[in-house]
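> Here's a sequence, model it:
(one chain, ligands or ions: 1)
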Amino acid sequence: MPDTTIAVAGSGLAGLTAALATARLGFDVVVLAPNQTRQDKRTTAMLAGSVDFLRQLGVWDEVEPMASALSTMRIIDATNRLIRAPQVDFRSSEIDLPAFGYNIANSAMTDALRKACIGTGRVSFINASAIGATFHPDHVTIACDNGEELDVSFAIGADGRNSVFRQSAAIDVREWTYPQTAIVCDFEHTLDHHDTSTEFHTPTGPFTVVPLGKLRSSLVWVEKPEFAERICATPLETLNRMVEDRMQSLLGKVKITSPVQTWPLSGMTARRFGKSRLALAGEAAHVVPPIGAQGFNLGIRDIELLVELMEKSNGAFSALGETFHRRRSADIAMRTASIDLFNRSLLSDFIPVQLVRSLGLYTMGAVSPLRRLIMREGVTPGLAFQHATRRLRQAMPGTQPERNAAR
Ligand SMILES: Cc1cc2nc3c(=O)[nH]c(=O)nc-3n(C[C@H](O)[C@H](O)[C@H](O)COP(=O)(O)OP(=O)(O)OC[C@H]3O[C@@H](n4cnc5c(N)ncnc54)[C@H](O)[C@@H]3O)c2cc1C
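Prediction:
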């Protein structure tokens, strides 16, 4: 008989969100994770759909004072190539939203989630790594590296890209690498960012500046790995100037205020996202390059679906993993493929590829309905295309109005 209902492996953003969400459903949850060896200096741009979910979980009020609104997303082609795209500005006001989302330091978000988990009185933490999970017809047995063994009703693998839960369930992965490393830091600047996140597209990858407070922003600068190594050894004064130059002095003078970290870029998709009494969430299921703020936002959608299925299951968890896999596959495949394509189109020297990318950006900038569709789809995936298809159908002569159109 299981002595705890749900086990979550991992206490990163995905693990803590999954623990909080399942505890809010009324389950007892145990989170297994070792102490972090590296402080995460990244920030995460949370899109509006994710913010709504965090609000439902009752953690957003804690996070909001530390978060910065993203009301405009600007793309600037800084490739200096023969064929270049025009600048494109996406404004949240065009789709009647105050902001597309909010940027927040991962450390602040993790602290708030952990506090909220403890506040539920249903989440306990074990400072250990999972070393294996055995899936039985009516429960899962988890083995920890401190010698403890737990029997639980359901397991959530949020233990990152080398997930032990995933390996224990014999789920294979598809992995690939990019010749790119992300350089990450925070900086102060002298000019207002006007709640605008700016993505400069360069031939080595995006150089993205995201608001993080008044006259403060975070940077994700994607470069060739050897260049990224050199950047880390560059004196701060020189680096301040380099960042300012790359930004074409858009935010005035720059002063880096955090340690500079590097994150090698790669991609990974699990062949299955769930199986029997297991669901994978976050980077245990999918890893994408940091483009268009998709990584953790995709993880949030894993957890949203998982709690929806759990709520409907009446405790019948034996095939929940299969349903989860079926329902998550399309979204993950579509996002992973589009981010991969976009990243590779930046790196490509092949003129037709550059032409298609530039044309795509031009069309987005010039055609307002398309731009609005893409913005809505970015913020609440799935909904925008459903709306558009419904409106198209309604506009076609002889089409019957949909019975559930108001829903
Ligand atoms: C430079 C950069 C910028 C990014 N910016 C954004 C952004 O703006 N927006 C966005 O949505 N996403 C962004 N992402 C992606 C986002 O950071 C990740 O999706 C997210 O941090 C992944 O969280 P996770 O909890 O799934 O994995 P992790 O953070 O890797 O957490 C895994 C957890 O599992 C634990 N663990 C490992 N092994 C075991 C084990 N055997 N047993 C138990 N626990 C274990 C670890 O200790 C850790 O706690 C960015 C990524 C990068 C690289």
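> Tell me the residues of the stretch 1-150 of the chain that contact the ligand?
9-15, 32-34, 36, 42, 44-45, 129-130 (CB under 6 Å from any ligand atom). In short, each C-beta sits where N, CA and C put it, glycine included.
> If we use 5 Å, what do you get?
Within the stretch 1-150 of the chain, the positions lying close to the ligand (CB under 5 Å from any ligand atom) are 9-14, 32-33, 42, 44-45, 129-130.
> Which residues does stretch 182-189 contact?
Surrounding stretch 182-189, the residues in contact under the criterion CB atoms under 8 Å, 6 or more residues apart in numbering are 41-43, 105, 205, 212, 215-223, 228, 231-232, 240, 243, 251-265, 289-290.
> What is the burial count for the residue in the stretch 1-150 of the chain that the ligand sits nearest to?
Here the residue of the stretch 1-150 of the chain nearest the ligand is Gly12; by CB to the nearest ligand atom that distance is 2.4 Å. Burial measure for Gly12: 22 neighbouring residues, criterion other CB atoms under 10 Å.
> Verify the stated contact: it with Ser107.
No. Counting by CB atoms under 8 Å, Gly12 stays clear of Ser107, with 11.4 Å between them.
> Name the residues contacting each of those two.
With CB under 8 Å, 6+ apart, Gly12 and Ser107 have common neighbours Asp40.
> quick one on the thing from earlier: can you tell me which of the residues of the stretch 1-150 of the chain next to the ligand is closest to Leu113?
Leu13 (7.2 Å; CB to CB).
> okay, now that closest one: neighbour count?
24.
> got the contact list for it?
44, 106, 109-110, 113, 282, 296, 299.
> Kindly recompute the last result at 7 Å.
With contact set as CB atoms under 7 Å, 6 or more residues apart in numbering, Leu13 has these partners: 44, 106, 109-110, 282, 296, 299.
> quick one, domains of this structure?
4-62+105-175+268-340, 68-103+179-264, 352-395 (automatic domain parsing).
> could these go into CSV alongside mean pLDDT?
Below are the domains of the chain laid out as CSV (pLDDT from 0 to 100):
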stretch, mean pLDDT
domain 4-62+105-175+268-340, 94
domain 68-103+179-264, 92
domain 352-395, 63
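> Tell me which of the ones you listed sits most buried.
Neighbour counts (mean count of other CB atoms under 10 Å) averaged over each of the domains of the chain peak at domain 4-62+105-175+268-340, with a mean of 20.
> Having no further points to raise, I will conclude here.
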